[in-house]
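J.: model the following, please.
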Amino acid sequence: MKAILISTGDELTCGRTVNTNSAWLAEKLLAMGIRTVSHHTVGDDAIEIASAIRMASEQADVVVLTGGLGPTPDDLTRRGLADVLGTKLVVDEKCLARIEEFFRLRGRRMVRANKIQAMIPQGAWPIDNEIGTAPGIRAKVGESLVICMPGPPAEMHAMFESYVTALLPPSPLAVAVKVVRVFGLGESDLCEVIGDLLGDRQGDVIVCTTVSGGLISLRITATGDSKTAAAALTDRTSAELTRRLGTLIIGSADDTLASVVAKLLVSRKQTLSLAESCTGGLVGQMITSLSGASQYFLGSAVCYANTAKRDILGVPQEMLDDCGAVSEPVAREMARGARGRFGSDWALSLTGIAGPDGGSPDKPVGLVFIGLTGPNTTRVFRHVFASRREQIRLRAARTALNHLRIELLEENSTAP
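T.: The predicted structure is shown next:
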């Protein structure tokens, strides 16, 4: 069963407002076995809204619109739907009474403009709005069910959960979704490894990718005759991804690099400290955003200036003069200095050129050295991240945590 989502509003088409409704609805519909095949955004124009409804109703079983049900002249969804139905707008007396009661209970005067919210196209039916003034609208266009809901997310969420779910046609198939998160491989390289799993878009199992700051989310969506059958397909695909990708997989939907590292450190009863330069405390922020970080995280030294690297972390001045702050020896000494100062089992250090200025042919913008030291190892990793300043910092922070994650996993595998 297919759905098309239509969002209305000039604030969306102009980019002033980020549309979160479509993502929320697509996820809710998918859980009900209804797959969203496309998202559309149109401005406050009744003709464009009507055109979008006609197009969508020819291609999908369910069409869901959000926005354009308010009391102002630019709220034109009801008019666009009336045009599609070939009918006129009429006042629904029950809706009008409910809107009047809404204002009365709050001690406010209802202005004439609010009356338009009680106007419903002939041949359509209102949907109650428990927390706002604008009722939703339900209509049949050809073989497609059309649902119109208010744009404010709180009103839309409540209406969908309380009323719309009961109006949607039951899907003949059950759907299961599983997310696998991957780090340490580019998207094109990933396609070389699992391209065959990404290519089939018409089968019972679909795998799609999203990428953010080097973190790749593989979303496995499976359909079956039952939830159990669909879940079995996602588990089978997940197992195949694990077989091919190994330690590149960091976890599932709720896992982050920081949370996975936290679990490994807690399980080993070990501690971590940090020395950050180019990331300016970003790794520490990722770690301390987790509840219970004090179990394993001792502290961080954000040493931006060379004098701080020298005086706080003990990096020799001659090393800074000869090698420069962005170098393998300095990253190594920063990590050792943090581990010694905080008395931690493990320490990470980051020093680099986040840009946009400061690069050279030998040391380009995006060059980052990551130091790692622990009970039995000290290593430095060299990376060049080709991106803008904030993305370089984000990818460097995540990469540092990933190096520690892999080191902890390898130590676990070789432990007696």
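J.: domains for this protein, by residue range?
T.: Following automatic domain parsing, one gets these domains for the chain: 2-167, 174-252, 257-414.
J.: worst mean pLDDT among these?
T.: The minimum mean pLDDT among those belongs to domain 174-252 (a mean of 91).
J.: quick one: the domains of the chain as a markdown table, columns for mean neighbour count too.
T.: Quick note: C-beta positions are derived from backbone N, CA and C, even for glycine. Shown next, in a markdown table, are these (neighbours: other Cβ atoms under 10 Å):
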| stretch | mean neighbour count |
| --- | --- |
| domain 2-167 | 18 |
| domain 174-252 | 16 |
| domain 257-414 | 19 |
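J.: what about the helices in the stretch 151-300 of the chain?
T.: Remark: helices assigned in the stretch 151-300 of the chain by DSSP state H, counting those that start in this stretch are 153-159, 165-167, 187-199, 227-245, 257-268, 282-288.
J.: phi, psi of the nearest residue to residue 259 once chain neighbours are set aside?
T.: Nearest non-adjacent residue to residue 259, counting by Cβ to Cβ, 6 or more residues apart in numbering: residue 290, 6.0 Å away. Here is the backbone geometry of residue 290 (degrees, to the nearest 10): phi -90, psi 140.
J.: look up how far residue 65 lies from residue 290.
T.: 39 Å (Cβ to Cβ, to the nearest Å).
J.: name the SS class of residue 63, please.
T.: Following DSSP: H, G, I helix; E, B strand; the rest coil, we place residue 63 in the strand state.
J.: need the contact list for it.
T.: By Cβ atoms under 8 Å, 6 or more residues apart in numbering, residue 63 lies in contact with 3-6, 53, 56-57, 141, 144-147.
J.: do the same with residue 3
T.: Counting by Cβ under 8 Å, 6+ apart, residue 3 touches 26, 29, 34-37, 60-64.
J.: make CSV out of the residues you listed and add distance to residue 90.
T.: Shown next, in CSV, are the contacts of residue 3 (distance: Cβ to Cβ, whole Å):
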residue, distance to residue 90
26, 32
29, 30
34, 30
35, 35
36, 31
37, 33
60, 27
61, 27
62, 25
63, 22
64, 23
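J.: residue 301: which of those residues is nearest?
T.: Closest approach between those and residue 301, by Cβ to Cβ: residue 26, at 43.8 Å.
J.: list the contacts of residue 168.
T.: Residue 168 touches 29, 32, 34, 62, 145, 147, counting by Cβ under 8 Å, 6+ apart.
J.: now the farthest one out in this structure, which residue is it?
T.: residue 318 (45.2 Å; Cα atoms, centre = their mean).
J.: so how far is residue 363 from it?
T.: 19 Å.
J.: repeat that for residue 113.
T.: 62 Å.
J.: now residue 351, what's its secondary structure?
T.: Following three-state DSSP, the label given to residue 351 is strand.
J.: what pairs with it across the strands?
T.: Per DSSP bridges, the residues bridged to residue 351 are residue 369.
J.: ok, now how distant is it from residue 407?
T.: From residue 351 across to residue 407, the span is 19 Å (Cβ to Cβ).
J.: and what of residue 12?
T.: Distance from residue 12 to residue 407, by Cβ to Cβ: 45 Å.
J.: likewise residue 266?
T.: Distance from residue 266 to residue 407, by Cβ to Cβ: 16 Å.
J.: next: residue 25.
T.: Using Cβ to Cβ, we find residue 25 at a distance of 42 Å from residue 407.
J.: ditto for residue 20
T.: Noted for residue 20: a distance of 38 Å to residue 407, by Cβ to Cβ.
J.: do the same with residue 116
T.: 64 Å.
J.: ok, now residue 332?
T.: Here residue 332 is placed at a distance of 15 Å from residue 407 (Cβ to Cβ).
J.: residue 49 too?
T.: 56 Å.
J.: and if you look at residue 287?
T.: Computed with Cβ to Cβ, the distance linking residue 287 and residue 407 is 16 Å.
J.: swap in residue 181?
T.: 19 Å.
J.: cool, and residue 394?
T.: From residue 394 to residue 407 the distance is 21 Å (Cβ to Cβ).
J.: likewise for residue 106?
T.: 59 Å.
J.: same question, residue 11
T.: Residue 11 is 48 Å from residue 407, by Cβ to Cβ.
J.: all strands for the stretch 251-400 of the chain, in order.
T.: Taking DSSP state E, counting those that start in this stretch, the strands of the stretch 251-400 of the chain run over residues 272-276, 297-302, 346-352, 367-373, 378-384.
J.: straight-line length of stretch 109-124, end to end?
T.: Start-to-end span of stretch 109-124 (Cα to Cα, to the nearest Å) is 28 Å.
J.: show me what contacts residue 312?
T.: Residue 312 sits next to 301, 303, 337, 341 when contact means Cβ under 8 Å, 6+ apart.
J.: my read is that the first one contacts residue 341, right?
T.: Spelled out, that is residue 301. Yes: the pair residue 301 / residue 341 is scored as a contact, 6.9 Å apart, by Cβ atoms under 8 Å.
J.: report the set of residues contacting both of those two.
T.: Common neighbours of residue 301 and residue 341 (Cβ under 8 Å, 6+ apart) are 273, 312-313.
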